[in-house]
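S.K.: what follows is a predicted protein model with its sequence.
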Amino acid sequence: MFTDNDLRIDPLERAETIPSAWYTDPRFHAFEREALFARAWQYAGHASQLPENGDFLVADVAENPVVIVRDRAGERRAFYNVCRHRGGPLATEPCGHLHKGVLQCKYHGWAYRLDGSLRGVPRFDRTELFDKRDYGLLPVHLAEWNGLLFVRCAGDGPTLDAYLDGITDRIAPMRLDAKAFHKRVVYDVDCNWKVYVDNYLEGYHIPLVHPDLCKVLDYRAYVTETMPHYSLQYSPIRDGSGPYAEGAAYYYFVFPNMMLNILPGRLQVNIVQPVAPNRCRVVFDYFYDDVSSPEAMARIDDDLLFSEQVQQEDMDICAHVQRGLASRAYDRGRFSVECEAGVYHFQCLLKEAFRAG
């Protein structure tokens, strides 16, 4: 699928981009699921979605259904959203409150306590050599950071706090855990997930693709910083008279597929989910300091409208890039040392993960 040369990491000044086959070859879809997404911390939701004991929310992680619950003691737990009988779903709504405080399979009615143990098994009295203790739900690693909930299906890598070390201090005095959820927006994009990530990780394209955004950000002061597991694109906001309040924009990319877009009064969490070699789904969760006052709602409406414009511009150019990568005209390119350090950083982390996988 790839050669040793494909996985070689050269200095940015001499490096080539990853081969076009990494964006188009169907074999990468299954490989990335196990080598990347199952082993990495993946955003699953927000702690505010589980305000009461007995609440639940569901997520899809590396194509695995996951359910997060808040048990009777207020502790949050995560399990595969899969009944141990014949694979039926335990929860089918995005979030809600559990009837009678149990997870019940929607297929045949097996019931589980919120610690994952099997409680009820309808019409199983005549089944021999069956012990309910052997059929509890399979747990998933769960951690919280600044109110955001993350799960990890496999692996024993860094803790979530270690993975995201430095972000909280960098954005201070802004606090992510003080923000309230407002809305989720989902886009289906006609490109490989890595095309979308590459595009996010550089401001090189902003003047041509996002002329209105270029007027809002101080493009001359746009800088990129890289850390072991994430990168940051930082830009001052010109004057605060547009859709963004005065201050600075912090665009964090957390490997392999998460973005934290942090601006004054607002947090936008993006997850890029592979769907097919030439398609991905991008989930946007919007959080704000204030989601109730008339003044805040007017600003939120402006922010959502502007974000929609930027996203449509990105989806259009990414679809064109996907077609170019699949053509006979392209295999590898080069990096702008000044503008594409974030893309280079991402592609180096890809190579390291693929080598380990």
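M.R.: Structure received.
S.K.: for V254, give me its contacts.
M.R.: Contacts for V254 (CB atoms under 8 Å, 6 or more residues apart in numbering) come out as W41, Y163, L164, H229, Y230, L260. Every C-beta, even on glycine, is put in place using the N, C-alpha and C of the backbone.
S.K.: most distant residue from the middle of the protein?
M.R.: R126 (45.3 Å; CA atoms, centre = their mean).
S.K.: in what helix or strand does it lie?
M.R.: Under the criterion DSSP states H and E, no helix or strand holds R126.
S.K.: then W22?
M.R.: helix 21-24.
S.K.: same for that helix, what does it pack against?
M.R.: helix 193-200, helix 294-325 (3 or more CB pairs under 8 Å, 6 or more residues apart in numbering; DSSP states H and E).
S.K.: helices or strands next to the helix or strand following the shortest one in the packing?
M.R.: Counting by DSSP H and E, the element after helix 193-200 in chain order, helix or strand, is helix 206-209. Under the contact criterion of 3+ CB pairs under 8 Å, 6+ apart, helix 206-209 touches helix 211-216, helix 294-325.
S.K.: mind doing that once more with 6 Å?
M.R.: If you count contacts as 3 or more CB pairs under 6 Å, 6 or more residues apart in numbering; DSSP states H and E, helix 206-209 packs onto helix 211-216.
S.K.: would you check that L137 makes contact with G116?
M.R.: Yes - if you go by CB atoms under 6 Å, L137 and G116 touch, sitting 3.9 Å apart.
S.K.: who touches both of those two?
M.R.: Shared contacts of L137 and G116, defined by CB atoms under 6 Å, 6 or more residues apart in numbering, are found at F79.
S.K.: which one's more surrounded, these two?
M.R.: L137 (25 against 18; other CB atoms under 10 Å).
S.K.: give me the contacts around the helix holding W22.
M.R.: The contact list for helix 21-24, computed with CB under 6 Å, 6+ apart, reads N192, K194, V195, P277, L325, A326.
S.K.: going through those residues, which ones are buried?
M.R.: For the contacts of helix 21-24, a burial check counting by 16 or more other CB atoms under 10 Å picks out N192, K194, V195, P277, L325, A326.
S.K.: can you pull the contacts of the fourth one?
M.R.: For P277, the contacting residues are T24, P26, H29, by CB under 6 Å, 6+ apart.
S.K.: give me phi/psi at it?
M.R.: phi -50, psi -30 (degrees, to the nearest 10).
S.K.: equivalent analysis for the one 5 residues further on, please.
M.R.: Backbone torsions of V282, given as degrees, to the nearest 10, read phi -120, psi 120.
S.K.: and the residue lying closest to it once chain neighbours are set aside, which of the three is it?
M.R.: In this structure, V282 finds its nearest non-sequential neighbour in Y187, 4.7 Å apart by CB to CB, 6 or more residues apart in numbering. Under DSSP: H, G, I helix; E, B strand; the rest coil, Y187 falls in the strand class.
S.K.: okay, Y187: pLDDT?
M.R.: On the pLDDT scale, Y187 is placed at 98.
S.K.: could you check how far P65 is from Y187?
M.R.: When CB to CB, to the nearest Å is the yardstick, P65 and Y187 sit 21 Å from each other.
S.K.: ok, now T127?
M.R.: Distance from T127 to Y187, by CB to CB: 46 Å.
S.K.: again, but for F37
M.R.: Distance of F37 to Y187, computed by CB to CB: 19 Å.
S.K.: so where's this structure uncertain?
M.R.: For the chain, the stretches with pLDDT under 70 are 240-242.
S.K.: quick check: closest non-adjacent residue to the residue nearest the centre of it.
M.R.: Centroid-nearest residue in the chain, with CA atoms, centre = their mean: I271, separated by 2.7 Å. Once flanking residues are discounted, I271 sits nearest to V283: 4.6 Å by CB to CB, 6+ apart.
S.K.: swap in D302?
M.R.: Per CB to CB, 6+ apart, closest to D302 is P243, 4.7 Å.
S.K.: I figured that neighbour hits F306, correct?
M.R.: Yes - contact criterion CB under 6 Å: P243 and F306 qualify, at 4.0 Å.
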